[in-house]
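>>> The sequence and its predicted three-dimensional model are supplied below.
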Amino acid sequence: MLIRNLLTAACAAAVLAAPAVQARTAPAQVTEASVVLKDGTYQVSWKTSRPGAPVDLYVAASPDAPLKAMRKLADNDTDGAAGVASAQAGAARPYFYVVADGAKTGLRAATRVVPLEGAANFRDLGGYSAAGGKHVRWGQVFRSNGLSTLTDADYKTVGDLDVRLVCDLRTDQERKTQPTVWRGGKAVPVFLNSPKAGLDIDMRALFGNGPPSPQAVRANFIGFYKLMPDAYAGEYKAMFEKLLAGDAPMLVHCSAGKDRTGVASALILTALGVPRAQVTADYAMSETLLDTESARRAMAAGAKSDDPNAAMFAKLPPEITRVLMRTEPAYVEAALDAVTEKYGSVEAYLDKVLGVDAKDLAALRARYLE
C-alpha cells in the first residue's frame, strides 16, 4: 500500500510539473527589434522573451519579402546585437528580420529615417507596436518634408521604395515656389494635392498685437494645432480613402514635414492602434532632424514670391523661429485633444468627419499591421 501511494503521488507531481517544463521549453519570441545606421554600418539590436535566446538574422530589399527570399546574415546569435556593413546589407534601404530559434514568426526592422541629401525629415512609419499585439508594417507609409531639393542619388533611394501615391499637403503657392519634379522609380506616382490656394490662417495671427514673444507665439501655435484637424479634414479624408483602397506605399508630406504632416501621421498611427506615447514620440522626432536655419533659407526663397506668410517667416527673429520649428509633444497633443473634446474621441472624429468607421479601422489594421 505504501509503495502504491508513493507511486500515485509521484505521478501526480509529474502531471503538475508538466506545464512548467513545457513553458521552459517553448520557443523564445523576439519582442523588440531596431536598426540604426551609423558610419556606414547598420546596428541591429533586439530583445527576446528569454534573454540570451539564440536568433537568426536575415535581410531583404523588400519589406514584404518572405523568409525563403531573405538572405541569412547570422545564425544562433545570442548577444542581442549585430553590425552589418552597408555593402553586406546589399540594398539602399535594407529590411532586417530577426527570428528566435524554433519560433514561427519574428520581427522586421529598418531604420526609421531614410537618409537623403535633400530631405532631412523623410522617414518610415513602420515598426511601431499597435493594436492586437501587432506592429505597423514597414515600407507602407512614409512621411517627409519638401521634395524639391532631392538629388539624383536621393531619387535612386526613393525609387526603390516603390511609392505609388504622394499626398502633398502644401498649398498651391508652396508648390509653385518649390515644385516637385519626380524622377525616381519605375513609374511616376499619383499625386494627391491639397486644393488650398494658400494657408487657411494668416500667420500674422500667431504673433498677436505688438512685438511677438516666444510665449505668446507658442500659445497661439497650439491654438493653430487645435484648428488643424477640421481645417484639413478634406485632405485627411482623401488620404484615408487612398489608404483604404490600398494605394501604398504612400508618401505624405508638406514643407517642413512636421505640422500638417505631423497631424496626418498622428491620425494614421492612432487609427492603427498605436499607443499615444509612441504617436507623440514620432511627432517629436522632426525637431531632431530639421535644421532651423535651412528652413529659414527655404522661407526666404519663398519670400521672393507673392507668399506673405513666407515673407514674414523669413524676417522673424531666431527666438520666434525656434518656437515655430519645434515639434513639442504639446503641439500634436493639442490637435488630438481638440478632436476628443469636440467629437468624443479620435476614433469618433475619424468616423464622423473623415468617414472612417469601425469597419474601415478593422480593414486598415488588417492591411497595415503584421
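Arrived safely, thanks for sending.

>>> Helices along the stretch 101-250 of the chain, start to end?
152-159, 172-177, 214-231, 233-244 (DSSP state H, counting those that start in this stretch).

>>> Can I get the longest one as CSV, trimmed to CA atoms?
In CSV, the C-alpha atoms belonging to helix 214-231 read as follows (Å, rounded to 0.1, in the frame of the first residue of the first chain):
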residue,chain,number,x,y,z
PRO,A,214,8.1,83.2,-27.7
GLN,A,215,5.5,82.5,-25.0
ALA,A,216,2.7,84.2,-26.9
VAL,A,217,3.7,82.6,-30.2
ARG,A,218,3.8,79.2,-28.6
ALA,A,219,0.3,79.6,-27.1
ASN,A,220,-1.1,80.8,-30.5
PHE,A,221,0.7,78.0,-32.3
ILE,A,222,-1.0,75.4,-30.0
GLY,A,223,-4.3,77.2,-31.0
PHE,A,224,-3.4,76.6,-34.6
TYR,A,225,-2.9,72.9,-34.0
LYS,A,226,-6.4,72.7,-32.4
LEU,A,227,-7.9,74.0,-35.6
MET,A,228,-5.9,71.8,-38.0
PRO,A,229,-8.0,68.6,-37.8
ASP,A,230,-11.0,70.4,-39.1
ALA,A,231,-9.2,72.8,-41.4
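
>>> So which elements touch that helix?
helix 260-271, helix 318-325, helix 329-343 (3 or more C-beta pairs under 8 Å, 6 or more residues apart in numbering; DSSP states H and E). (Glycine included, C-beta is placed from N, CA and C.)

>>> Next, the angle from the second one to helix 214-231.
Spelled out, that is helix 318-325. Angle, helix 318-325 to helix 214-231, by axes from the mean of the first three to the mean of the last three C-alpha atoms, to 10 degrees: 30 degrees.

>>> name the helices or strands packed onto helix 318-325?
Short answer (3+ C-beta pairs under 8 Å, 6+ apart): helix 318-325 packs on helix 214-231, helix 292-303.

>>> weakest of those helices in terms of mean pLDDT?
When those are compared by mean pLDDT, helix 292-303 comes last with a mean of 56.

>>> which residue ranges form the strands in the stretch 51-200 of the chain?
With DSSP state E, counting those that start in this stretch, the ranges of strands along the stretch 51-200 of the chain come out as 55-60, 71-77, 81-85, 95-100, 107-109, 123-124, 141-144, 165-168, 190-193.

>>> looking at those, which is closest to residue 345?
Nearest to residue 345, of all these, is strand 141-144, at 21.9 Å by C-beta to C-beta.

>>> if we can go back for a sec, okay if I get the helices of the stretch 101-250 of the chain as a markdown table plus mean neighbour count and distance to residue 43?
Listed next are these as a markdown table, based on neighbours: other C-beta atoms under 10 Å; distance: least, C-beta to C-beta, whole Å:
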| stretch | mean neighbour count | distance to residue 43 |
| --- | --- | --- |
| helix 152-159 | 17 | 19 |
| helix 172-177 | 18 | 37 |
| helix 214-231 | 17 | 35 |
| helix 233-244 | 18 | 31 |
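
>>> Let me have those in a markdown table, adding distance to residue 185 as columns.
Shown next, in a markdown table, are the helices of the stretch 101-250 of the chain (distance: least, C-beta to C-beta, whole Å):
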| stretch | distance to residue 185 |
| --- | --- |
| helix 152-159 | 4 |
| helix 172-177 | 20 |
| helix 214-231 | 30 |
| helix 233-244 | 17 |
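
>>> Now do stretch 119-135: distance from first to last residue.
26 Å (C-alpha to C-alpha, to the nearest Å).

>>> Report the rounded mean pLDDT for that stretch.
The average of the pLDDT scores along stretch 119-135 is 96.

>>> Could you list the domains of the chain?
Split into domains by automatic domain parsing, the chain comes to 30-109, 123-368.

>>> so residue 347 sits right up against residue 361, yeah?
Yes. Counting by C-beta atoms under 8 Å, residue 347 touches residue 361, with 7.1 Å between them.

>>> Which residues are in contact with each of these two?
Common neighbours of residue 347 and residue 361 (criterion: C-beta atoms under 8 Å, 6 or more residues apart in numbering): residue 271.

>>> Neighbours of residue 105, how many?
Neighbour count for residue 105, taken as other C-beta atoms under 10 Å: 12.

>>> again, but for the one 10 residues further on
Other residues near residue 115 come to 14 when the count uses other C-beta under 10 Å.

>>> Now for it: which residues touch it?
Counting by C-beta under 8 Å, 6+ apart, residue 115 makes contact with 37, 157.

>>> For the stretch 101-250 of the chain, which residues score under the pLDDT cut-off?
Counting by pLDDT under 70, the stretch 101-250 of the chain shows low-confidence ranges at 200-210.

>>> Starting from residue 262, give me the distance back to the residue minimising distance to the centre of the chain.
For the chain, the residue sitting closest to the mean C-alpha position, by C-alpha atoms, centre = their mean, is residue 125 at 2.1 Å. Distance, residue 125 to residue 262, by C-beta to C-beta, to the nearest Å: 12 Å.
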